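K.L.:
Structure, please.
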Amino acid sequence: MLKQVFLLMLIMMPSALMAQSQVTEEASSSLDRTVFELERSNAILQLSKASSEDLNALRDEAMVIGENVDFLLNLVFLLVVALLVLGWRSHKQNQRIEQLETRRTEVFEEKE
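P.N.:
As a prediction, this is how the structure comes out:
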């Protein structure tokens, strides 16, 4: 009888631990959700209290950041195009070198 109780406890222990971990995960996820909602509400409240000058300054900063992002995107695009062109030219140059080497070996073989 004691062995059966012991075995039953061993079988039930992992499921009880898993249930406990799920409860703590649910609690932490609901806590994270609550914190996120509070931060969002705080940001909305701060924006609703902002003056028109603050909003204009924020809009100007957003425009400057947008211009910087546009510049960086253009720069990255140009770099990618340059890499593609360099890769294509390198490939063509390798083909030319192979052709020259085959001609050279053909000429060298004919002389022998």
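K.L.:
how distant is the longest helix seen in the chain from the center of its chain?
P.N.:
Using DSSP state H to define each element, the chain has its longest helix at helix 52-111. How far helix 52-111 lies from its chain's middle: 22 Å, per C-alpha atoms, centre = their mean, to the nearest Å.
K.L.:
Now do it: which elements does it pack against?
P.N.:
The contact analysis (3 or more C-beta pairs under 8 Å, 6 or more residues apart in numbering; DSSP states H and E) places helix 52-111 against no helix or strand. (Each C-beta comes from the backbone N, C-alpha and C, glycine too.)
K.L.:
per-residue confidence averaged over it?
P.N.:
Regarding helix 52-111, the rounded mean pLDDT is 91.
K.L.:
pull the CA atoms of stretch 70-77 into CSV?
P.N.:
Extracted in CSV, the C-alpha atoms of stretch 70-77 (Å, rounded to 0.1, in the frame of the first residue of the first chain):
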residue,chain,number,x,y,z
ASP,A,70,15.2,58.0,-46.8
PHE,A,71,18.8,59.0,-47.2
LEU,A,72,20.1,55.8,-45.6
LEU,A,73,17.7,53.6,-47.7
ASN,A,74,19.0,55.3,-50.9
LEU,A,75,22.6,54.8,-49.7
VAL,A,76,22.0,51.1,-49.0
PHE,A,77,20.3,50.7,-52.4
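K.L.:
Can we start the residue count at 624 from this point?
P.N.:
Right, with 624 as the first residue, what we last looked at is stretch 693-700.
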